[in-house]
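A.B. asks: need coordinates for the following:
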Amino acid sequence: MSSGRVLIVSYWFPPAGGIAVQRALSLTRYLPDLGFEVHVLTPKNPPAPALDPALLSRVPAEVKVHRVWNPMPQSSFRKRLWGLFSRRRAATAGAVQKNGVSGGRMAKLVRRVLCPDPEVVWVPFAIRRARGIIKKYGIDTVVVTAPPFSAFMVGNALKRWMPALRLVSDFRDEWLRFFLATFEFQQDPHIRQRAELIERATVHGSDAVVTVTPSLVGELSTRYADQPAAKFICVPNGYDPAAFADFHARPSGSAKVIVSYVGTVYSTTSPSCYFEALDSLPESLRSRVETRFVGRIASDQKELVESRPDVKSFGVTPQAVALRHMEETDYLLLIMTDPSHVPGKLYEYLATGKPVLAFAPKTSEVARTLAETGGGWCLEFDDQAGIRQCMEALASGELATRFHPNQEAIRYYERQRLAAEFAAVLRPVQT
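C.D. replies: Okay, here's the model as predicted:
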């Protein structure tokens, strides 16, 4: 029996790689087994910083993937262009211009055009194609997953066009408080004003608003207290067991303790706290630790990471290669300064069976998840004594003896199980 026809709108989808594609990919993979006819709308040419074509093999043959042209230039070109504007703005900051024109005028203009985010240029093409898909295949439910948050404009337009359509908006990150403050391009009053309007329209127009942690559910439901509390639902991120079917822990061949960070390093996940903890150890212990970074390192973090002689950096890799790096690590490093967020890679860390060393607030979702699963240790940023003790135990090899993960709790985060929770959101309540 069919559960309905679903269109998933996701800017990031294979062959794009990285953690951002995993939410849509998991729904695509498991919803057909739950009785849904699944369609995906995604860019034909996503400007992804990394490609991982092997992920396409996880898309079931019966899923129809619709790709629409995207006018956005590739990631490398956009970074160079924005870097040029940023340097010009910095070079003229505080200077009095004779013609009265600010040195940041071009950067401001770019932000105005590409508002609320650069991916907005895809939106008109996506709306037009989505309407055709809905008409042709009789779609009854649309799921929009973000970021990029401009994708919500697609869902909002479709809901206005066809009010009977069931709209589910999936917030993989918090937008107004976290995202706008974290990334330089987003830090503009005009973008914030536009983002507030879009988010409000999204929440009010959606039949369900899904997000990934209980804290974020609470934050959104409080911000929009005029909406029914039942509209806001938590379906966490997770991991795909199939991706770990061939995972085999093995020694690195190094005499050192290997600590690996897998994923993107940016301001909110800066490893400065970890390096400070490492540097606080006596040389006899510090020299026993080797730190590895697998993934993209943001430009403002590169000097911090690459200037250290005890660090190896492997850059962006396909998921299969990243897993091979995790096989030979002793500890997996995670940093998150925001208490409401759980980086998606934490669940893949848990799936490896390797201990996690996290730096995050003690009241954070990261701390809660690690306590619930026994997946590792969460260190408070200002707990210098606790950090020192933990790092000494890590470097000496004693910390590993305290690792006792709760496998049943970890299995809750299997994506197949979570897809079933998401499926319950997609089915309208029968009255």
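A.B. asks: in the stretch 1-150 of the chain, where is pLDDT below threshold?
C.D. replies: Scanning the stretch 1-150 of the chain for pLDDT under 70 picks out the ranges 1-2, 73-104, 106-107.
A.B. asks: look at R402 and say how many residues are nearby.
C.D. replies: 11 (other Cβ atoms under 10 Å). (Each C-beta comes from the backbone N, C-alpha and C, glycine too.)
A.B. asks: residues touching it, list them.
C.D. replies: R402 makes contact with A393, according to Cβ atoms under 8 Å, 6 or more residues apart in numbering.
A.B. asks: look up how far Q389 lies from it.
C.D. replies: As judged by Cβ to Cβ, to the nearest Å, R402 and Q389 stand 11 Å apart.
A.B. asks: how about A208?
C.D. replies: Counting by Cβ to Cβ, the gap from A208 to Q389 is 45 Å.
A.B. asks: between those two, tell me which one has more neighbours.
C.D. replies: Neighbour count, other Cβ under 10 Å: between A208 and Q389, A208 has more, with 20 against 13.
A.B. asks: make sure the more buried one is actually in contact with D170.
C.D. replies: No - with contact defined as Cβ atoms under 8 Å, A208 does not count as touching D170 (9.1 Å).
A.B. asks: domains in the chain, as residue ranges please.
C.D. replies: 4-74+120-238+415-426, 241-411 (automatic domain parsing).
A.B. asks: distance of E303 from P309?
C.D. replies: Per Cβ to Cβ, E303 is found 14 Å from P309.
A.B. asks: what about the two, which has more around it?
C.D. replies: E303 (10 against 4).
A.B. asks: and R131, what is it in contact with?
C.D. replies: Listed by Cβ under 8 Å, 6+ apart, the contact partners of R131 are L158, W161.
A.B. asks: same deal with Y266?
C.D. replies: Y266 sits next to T182, F183, A298, D300, Q301 when contact means Cβ under 8 Å, 6+ apart.
A.B. asks: ok, so of the residues you listed, who is nearest T317?
C.D. replies: A298 (16.8 Å; Cβ to Cβ).
A.B. asks: can you give me the strands in this protein?
C.D. replies: 4-10, 36-43, 64-68, 141-146, 166-171, 208-211, 232-234, 257-262, 289-294, 311-315, 331-335, 356-359, 376-379 (DSSP state E).
A.B. asks: returning to that earlier point: generate a PyMOL selection restricted to the buried subset of the contacts of Y266.
C.D. replies: Provided next is the PyMOL selection string for whichever of the contacts of Y266 are buried by 16 or more other Cβ atoms under 10 Å:
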select buried, resi 182+298+301
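A.B. asks: same list, the contacts of Y266, but as a markdown table with pLDDT and distance to V265 please.
C.D. replies: Below are the contacts of Y266 laid out as a markdown table (pLDDT from 0 to 100; distance: Cβ to Cβ, whole Å):
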| residue | pLDDT | distance to V265 |
| --- | --- | --- |
| T182 | 85 | 13 |
| F183 | 80 | 13 |
| A298 | 90 | 6 |
| D300 | 90 | 10 |
| Q301 | 94 | 5 |
